[in-house]
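A.B. asks: Next one to model:
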Amino acid sequence: MIERAVAQPPARHPSAICSSPGRSDASGAGGRHGLGVGEVVEAVDAAGSVEVHESPPVVAERSPADVVRVGVAAASLVVVVVVQWIGGHFLTDNTHDLLRGLDTLPSWFVTLIVAVTWLAGLIAFVGGAVVAVAHKRWRALGSAVLGGVLGLVIASLVGLGNPPSAPPVTQKPEALDWFVNHPTATQLTVAILAGVVTAAAPWVGRTWRRWAWVVVLGVVFGRMMVTPVDLASLRALLAGWLGGALAVVVLGTPPRRASGMSIAGGLAAVGVPVKRIDQASLDARGSTPYFADARDGRRLFVKALGRDERSADLLFRFYRWLVPRDLGDEKGYRSLRRAVEHEALVALAARDLGVRTPRFVSLATADPNSFVLVYEGIDGKSLDRVEADQVDDELLRAIWDQVRTLRERRLAHRDLRLANVFVAADGAVWMIDFGFSELAASDTLLANDVAELLAATSLTVGVDRAVAAAEAVIGPEAIASALPRLQPWALSGATRTALKERSGHLDELRTRVQSPVPA
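C.D. replies: Presented below is the predicted three-dimensional model:
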């Protein structure tokens, strides 16, 4: 898609400046870390027109964040069920004693609370469906319906049996006999509401999401006031959350990636105005890459990282934590901001320490919930796009010369696949993408860098040439230290995939490393 945005007065045409045609306005519903719509307008207005070239936005997409939510909801539900099974009587009896003071509330007040909370739930449920139909939000409506159905099914399954309970904590109002006599029905109602709200949440704004959950929690509170004290309300709430989360995974959510125009606005706000931005077709794991032309004439490389990339990183780290191997991973960062700032720090440090890497330009924010890293662009191409006959021994030694500098400064790159080795038009070798890197790295991480690059380059030029070039620059001892890491589990996904097509290649590489050629 090609979009040209021309600066106009904000009050007249904000959508012409900030929005991509056909992009759902729910895409910014995930919260706010960067500029708002008006602020993007002002930033782009100050910079002038921006031409954006990017792929057309999709109606819905599946996100790693949604998978994480399913895992957390399922784990929470399992914990509650196990706790109920092990110590349900203890919890319900003590909870009843803790809430005993509520039995002094007059019955009319209890009736009022239950009536208000459940009436609010009914209005929200029916009103939301009417609004969705009126605005033809069929995908959002379908997701909500599926979430409610799945919440009902899951709550029915986990509610089987006779869970422990204690008497109600309030006086029994005659007007609420139905609630007291039908606790299972009210429990399933809670699960349906929670499933509907969870599944519909990605399609509405933050304010509406918050009020929807206030209504759901109010319904839960109203139920707990008049039904026997048990874990059924909490169990139903978690069952609905899990059902809604599953519906989101099945049907997808609105796009939550920052648009090219939002990125341009973020860059202008930090003093890096651009006149053109193009989405790049590159192997950029963990980010969405762009090329941009700055107004001062510089060519820039831009990486946008958002909530999806953060969730994917968490899933990746969890998977590596489950692997019974010493991968040398440090604890993950508590937020996307900290992770992006770490990458910027390592990029700056690597350049100062003598590694040839693109100059860091700036860090910016962009809606929704995204951060943008900007580097000076390089004219050339990554090693995975260089023809094998163009990779000579001089180029291989130049690559290992950069690795030697990394090792001397104990800086582990941790992702030295071919896509992250860049060959400039003048033949110079550049190291890019320090998103997974570590300063003051351990011997394990440094050895893993050698193993990764040995395996990757040997697939291109052959085992003997790859090992000989490495030995000539970093020495046989450094090569030997990588031998325990020449295992599929220690290598990147791209390298493992390539090795699967070359049966026996890794064994040949290990044999060659074990038998260095005498100098």
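A.B. asks: Every contact and neighbour count from this point should use C-alpha atoms.
C.D. replies: Will do.
A.B. asks: quick one: Lys381 is in a strand?
C.D. replies: Yes - when DSSP: H, G, I helix; E, B strand; the rest coil is applied, Lys381 is found to be in a strand.
A.B. asks: So what's the residue count around it?
C.D. replies: 15 (other C-alpha atoms under 10 Å).
A.B. asks: residues in contact with Val403?
C.D. replies: By C-alpha atoms under 8 Å, 6 or more residues apart in numbering, the contact list for Val403 reads Val450.
A.B. asks: so where is the stretch 301-450 of the chain shaky, pLDDT-wise?
C.D. replies: Residue ranges of the stretch 301-450 of the chain with pLDDT under 70: 308-333.
A.B. asks: for the chain, where's the lowest mean pLDDT among helices and strands?
C.D. replies: Using mean pLDDT, DSSP states H and E, the weakest-scoring helix or strand in the chain turns out to be helix 14-18, at a mean of 31.
A.B. asks: Now do Trp118, the pLDDT please.
C.D. replies: Note on Trp118: pLDDT of 80.
A.B. asks: Tell me which other helices or strands the host helix or strand of it touches.
C.D. replies: Secondary structure assignment for Trp118, by DSSP states H and E: helix 107-134. If contacts are counted by 3 or more C-alpha pairs under 8 Å, 6 or more residues apart in numbering; DSSP states H and E, helix 107-134 sits against helix 138-158, helix 206-226.
A.B. asks: Now do the domain split for this protein, please.
C.D. replies: Segmentation of the chain into domains, based on automatic domain parsing, reads 2-59+255-376, 64-251, 381-514.
A.B. asks: Quick check: phi and psi on Val50?
C.D. replies: phi -130, psi 130 (degrees, to the nearest 10).
A.B. asks: among the helices and strands packed on helix 107-134, which is nearest Ile113?
C.D. replies: Of all those, it is helix 206-226 that lies closest to Ile113, at 6.4 Å by C-alpha to C-alpha.
A.B. asks: Which secondary structure elements does the closest one sit against?
C.D. replies: When contacts are defined as 3+ C-alpha pairs under 8 Å, 6+ apart, helix 206-226 packs onto helix 107-134, helix 177-181, helix 183-200, helix 232-251.
A.B. asks: Would you mind listing the buried residues in that helix?
C.D. replies: Within helix 206-226, the residues that count as buried by 16 or more other C-alpha atoms under 10 Å are 206, 209, 212-213, 215-226.
A.B. asks: Out of the residues you listed, which is nearest to Trp118?
C.D. replies: Nearest member of the buried residues of helix 206-226 to Trp118, counting by C-alpha to C-alpha, is Val219, at 5.4 Å.
A.B. asks: how much space is there between the closest one and Asp449?
C.D. replies: Distance of Val219 to Asp449, given as C-alpha to C-alpha, to the nearest Å: 55 Å.
A.B. asks: from the middle of its chain, how far away would whichever helix in the chain runs longest be?
C.D. replies: Longest helix in the chain by number of residues (criterion: DSSP state H): helix 64-98. Computed by C-alpha atoms, centre = their mean, to the nearest Å, the separation of helix 64-98 from the middle of its chain amounts to 25 Å.
A.B. asks: So for that helix, mean pLDDT?
C.D. replies: In this model, helix 64-98 carries a mean pLDDT of 80.
A.B. asks: now for it, which elements pack on it?
C.D. replies: Contacts defined by 3+ C-alpha pairs under 8 Å, 6+ apart place helix 64-98 against helix 232-251, helix 307-322.
A.B. asks: Which strands or helices does the helix or strand that the shortest one is followed by pack on?
C.D. replies: Right, the one you point to is helix 307-322. Next along the chain after helix 307-322, taking DSSP H and E as the criterion, comes helix 336-352. The contact analysis (3+ C-alpha pairs under 8 Å, 6+ apart) places helix 336-352 against strand 360-366, strand 370-376.
A.B. asks: Just want the angle from helix 336-352 to strand 370-376.
C.D. replies: 10 degrees (axes from the mean of the first three to the mean of the last three C-alpha atoms, to 10 degrees).
A.B. asks: Tell me the buried residues in helix 336-352?
C.D. replies: In helix 336-352, counting by 16+ other C-alpha under 10 Å, buried: Leu336, Arg337, Ala339, Val340, His342, Glu343, Ala344, Val346, Ala347, Leu348, Ala350.
A.B. asks: Compute the inter-axis angle for that helix and strand 360-366.
C.D. replies: Put simply, helix 336-352 runs at 170 degrees to strand 360-366, going by the same axes, to 10 degrees.
A.B. asks: Compute the number of surrounding residues for the closest residue to Ser362 other than its chain neighbours.
C.D. replies: Spatially, and ignoring its direct neighbours in sequence, Ser362 is nearest to Val374 (5.2 Å; C-alpha to C-alpha, 6 or more residues apart in numbering). Per other C-alpha under 10 Å, the neighbour tally for Val374 reads 23.
A.B. asks: how much space is there between Val374 and Pro358?
C.D. replies: 10 Å.
A.B. asks: for Ser382, same thing?
C.D. replies: From Ser382 to Pro358 the distance is 13 Å (C-alpha to C-alpha).
A.B. asks: Please apply the same query to Arg209.
C.D. replies: 42 Å.
A.B. asks: Could you do Trp241 as well?
C.D. replies: Trp241 is 45 Å from Pro358, by C-alpha to C-alpha.
A.B. asks: Then Val126?
C.D. replies: In terms of C-alpha to C-alpha, Val126 sits 55 Å off from Pro358.
A.B. asks: Show me which of those two is the more surrounded one.
C.D. replies: The neighbour comparison of Val126 against Pro358 (other C-alpha under 10 Å) goes to Pro358, with 21 against 11.
A.B. asks: residues in contact with Lys395?
C.D. replies: Heads up, residue 395 is Leu, not Lys. Residues counted as contacts of Leu395 (C-alpha under 8 Å, 6+ apart) are Gly427, Val429.
A.B. asks: can you tell me the helix or strand for it?
C.D. replies: Assigned by DSSP H and E, Leu395 falls within helix 393-408.
A.B. asks: Which residues belonging to that helix are considered buried?
C.D. replies: Buried residues in helix 393-408, defined by neighbour count with 16+ other C-alpha under 10 Å: 395-407.
A.B. asks: ok, then the element right after it?
C.D. replies: Counting by DSSP H and E, what follows helix 393-408 is strand 421-424.
A.B. asks: residues making contact with that following strand?
C.D. replies: Strand 421-424 is contacted by residues Ile378, Asp379, Gly380, Lys381, Ser382, Leu383, Ile399, Val429, Trp430, Met431, Ile432 when judged by C-alpha under 8 Å, 6+ apart.
A.B. asks: Okay, now the sheet partners of it, with direction.
C.D. replies: Applying DSSP bridges to the sheet, strand 421-424 is found paired with strand 380-382 (antiparallel), strand 429-431 (antiparallel).
A.B. asks: quick one: buried residues of it?
C.D. replies: Val421, Phe422, Val423.
A.B. asks: Next: stretch 430-438.
C.D. replies: Trp430, Met431, Ile432, Asp433, Phe434, Gly435, Ser437, Glu438.
A.B. asks: how about the residues you listed in TSV, adding distance to Leu246 and secondary structure?
C.D. replies: Listed next are those as TSV, based on distance: C-alpha to C-alpha, whole Å; DSSP: H, G, I helix; E, B strand; the rest coil:
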residue	distance to Leu246	secondary structure
Trp430	43	strand
Met431	40	strand
Ile432	37	coil
Asp433	34	coil
Phe434	34	coil
Gly435	31	coil
Ser437	34	coil
Glu438	36	strand
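A.B. asks: Specify which member of the residues you listed is nearest to Ala245.
C.D. replies: Taking C-alpha to C-alpha as the measure, Ala245 lies nearest Gly435 of the buried residues of stretch 430-438, at 29.3 Å.
A.B. asks: List phi and psi for the closest one.
C.D. replies: Backbone torsions of Gly435, given as degrees, to the nearest 10, read phi -70, psi -30.
A.B. asks: list the contacts for it?
C.D. replies: Residues in contact with Gly435 (C-alpha under 8 Å, 6+ apart) are Ala339, Val340, His342, Glu343.
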